[in-house]
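Asker: Need a 3D model of the sequence below.
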Amino acid sequence: MQKSILERLDTRLDAIDEYEREPVPDSKRKGWKGFLGMYAGEHTAGTEFVIGPLFVAHGVAAYDLIWGLIVGNILAVLSWAFLCAPVAVKTKLTLYWQMKKICGDKLALIYNIVNALMFCFLAGSMIAVSATAVGLPFGIAMPSLGDWLPTSLGWILTVFLVGAVITVVAILGYDYVARFANIAFPWMILVFIAAALAVLPQLGVTSISDFWTVAQEKIWTGIPAEGQSKFTFWHVMFFAWFANMAMHIGMADMSILRFAEKWQHGFSSATGMFFGHFIAWMASGILTAAAAGAIAPGIIAYNSAGIAGAICVVIAGWTTANPTIYRAGLAFQSVTPDWKRWKVTLFTGLVTSIAACFPALVMKLLDFVALYGLVLMPMGAVIFLDVMVFKKMNLQSNFAEASGSDFNWAAGLTWFITLILCVFINFYMGIEIFFLGLPGWFIAVLLYIGLSIFYQRRQEAAVQSVAG
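Answerer: As a prediction, the model looks like this:
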């Protein structure tokens, strides 16, 4: 009987078709509703309870925070709408299978493994955020700002429990990921706002006219905490723009937007940027000031909104980790094509849960988010040029597929050289990691065009020589 149940489960999971190896058919394309809630839910996340407090810790001034968030989030939305969405709608493919066409099997293998691991670590930080709330009723010791290693057995068990729930939703496919976000988002954003409003009187806000004074003097004071670097308008703007650089400029959201009926659905990301990366970051900063510097998201939310706040942290972590594990599973799927997607996603969830046990993923989240976006960014430039520009320049698109190559050296060298130059700029010119994505993208564009011209012309000469 048990075997029969398992067999039926295996059959049903195998039947979930996410078109991971082929273009999404027109019958499965989705309208605005399929993306507005998903982006809002994904980016109104448990990690907002980390990022908002870290801005406070780094001494961002109130004026710099507000204008930095407005400008940076607008730039992020434009990046989704004009870079990622047109490519996704045109190809209807995941990033990972488009990579094989452009880069060849060997280079795509390297990239997809790096990509998948990066997304596992990112999803792991979200699982850890949820775990800080789940562990509250059991008195589990929460990680502090300086913790790198697991703090207790209870912490590890809590992380794996949360990871299991999130993995199950990701296994069920994009429809369930989007449905979960649509249901959870309206309630979550209300909890963020209500919690922030509830603690403002503790900070001295008794009328609307008091807010700006309190914001400058008690919340975003412009004075960093001991041991933390000073953040300015430029840090906030570039972080808001590049916090999801891997998704828009790096093209990872091809895996989501390939379901879109038209490229304009990329503007759906505005719900996530302005409900999540604007309202939620500001709200969580207010909660941090009221919590006298507490950093664990579960504690911050519980102290301000009670059980509703703690539940909000749990759900917010889930709505972001779900699509992130979904993306990572698709990346691993391209590496292990003989595995069923649900088995790959299950494996991905295990890797992610192990990573989530290490609090450093959360406590160093700003640095990690900047790093993973930077690592994946050059290949985003490669894909954009290859799909949208190369034919206009009389260059061969999908060069690896057309030539039968398993390693596109133009793409590979673009990736490696761009990252080396970014490291050089960081170490020897003193430019912080938050700012490297912009010059890095233009470096990648110039490199890929130049190297593609060189290698494609060389191949044409070799073919003509053989023919002659």
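
Asker: Surely residue 30 and residue 259 touch.
Answerer: Yes. Counting by C-beta atoms under 8 Å, residue 259 is a contact partner of residue 30 at 4.8 Å. Just so you know, the C-beta spots here come from the backbone N, C-alpha and C atoms, and that holds for glycine as well.

Asker: Of these two, which one has the most company?
Answerer: Each of residue 30 and residue 259 had its neighbours counted (other C-beta atoms under 10 Å), and the higher figure belongs to residue 259 (23 against 18).

Asker: Helix, strand, or coil at residue 164?
Answerer: The three-state assignment at residue 164 reads helix, by DSSP: H, G, I helix; E, B strand; the rest coil.

Asker: Please give me every residue in contact with it.
Answerer: If you count contacts by C-beta atoms under 8 Å, 6 or more residues apart in numbering, residue 164 has them with 349, 353.

Asker: so how far is residue 105 from it?
Answerer: Spatial separation of residue 164 from residue 105 under the definition C-beta to C-beta, to the nearest Å is 33 Å.

Asker: Then residue 455?
Answerer: 17 Å.

Asker: Settle it for me: which of these two has more neighbours?
Answerer: For residue 455 versus residue 105, neighbours defined as other C-beta under 10 Å are more numerous around residue 455 (19 against 13).

Asker: Identify the residues contacting the more buried one.
Answerer: With contact set as C-beta under 8 Å, 6+ apart, residue 455 has these partners: 399, 408, 409, 410.

Asker: how does it look with 7 Å?
Answerer: Applying C-beta atoms under 7 Å, 6 or more residues apart in numbering to residue 455 gives the contacts 409, 410.

Asker: Helix or strand for residue 212, just tell me which one.
Answerer: Here residue 212 is covered by helix 208-214, with elements defined by DSSP states H and E.

Asker: Likewise for residue 149?
Answerer: With elements delineated by DSSP H and E, residue 149 resides in a region that no helix or strand encompasses.

Asker: For the nearest residue to it once chain neighbours are set aside, give its distance to residue 325.
Answerer: Excluding its sequence neighbours, the residue lying closest to residue 149 (C-beta to C-beta, 6 or more residues apart in numbering) is residue 358, at 6.5 Å. In this view, residue 358 and residue 325 are 17 Å apart by C-beta to C-beta.

Asker: ok, now residue 285?
Answerer: According to C-beta to C-beta, residue 285 stands 28 Å off from residue 325.

Asker: Give me the more crowded residue out of those two.
Answerer: More neighbours sit around residue 325 than around the other of residue 285 and residue 325, counting by other C-beta under 10 Å; the figures are 31 against 25.

Asker: any idea how far residue 39 is from the nearest residue to the more buried one once chain neighbours are set aside?
Answerer: Using C-beta to C-beta, 6+ apart and skipping residues adjacent in sequence, the residue nearest residue 325 is residue 170, 4.2 Å away. Distance, residue 170 to residue 39, by C-beta to C-beta: 17 Å.
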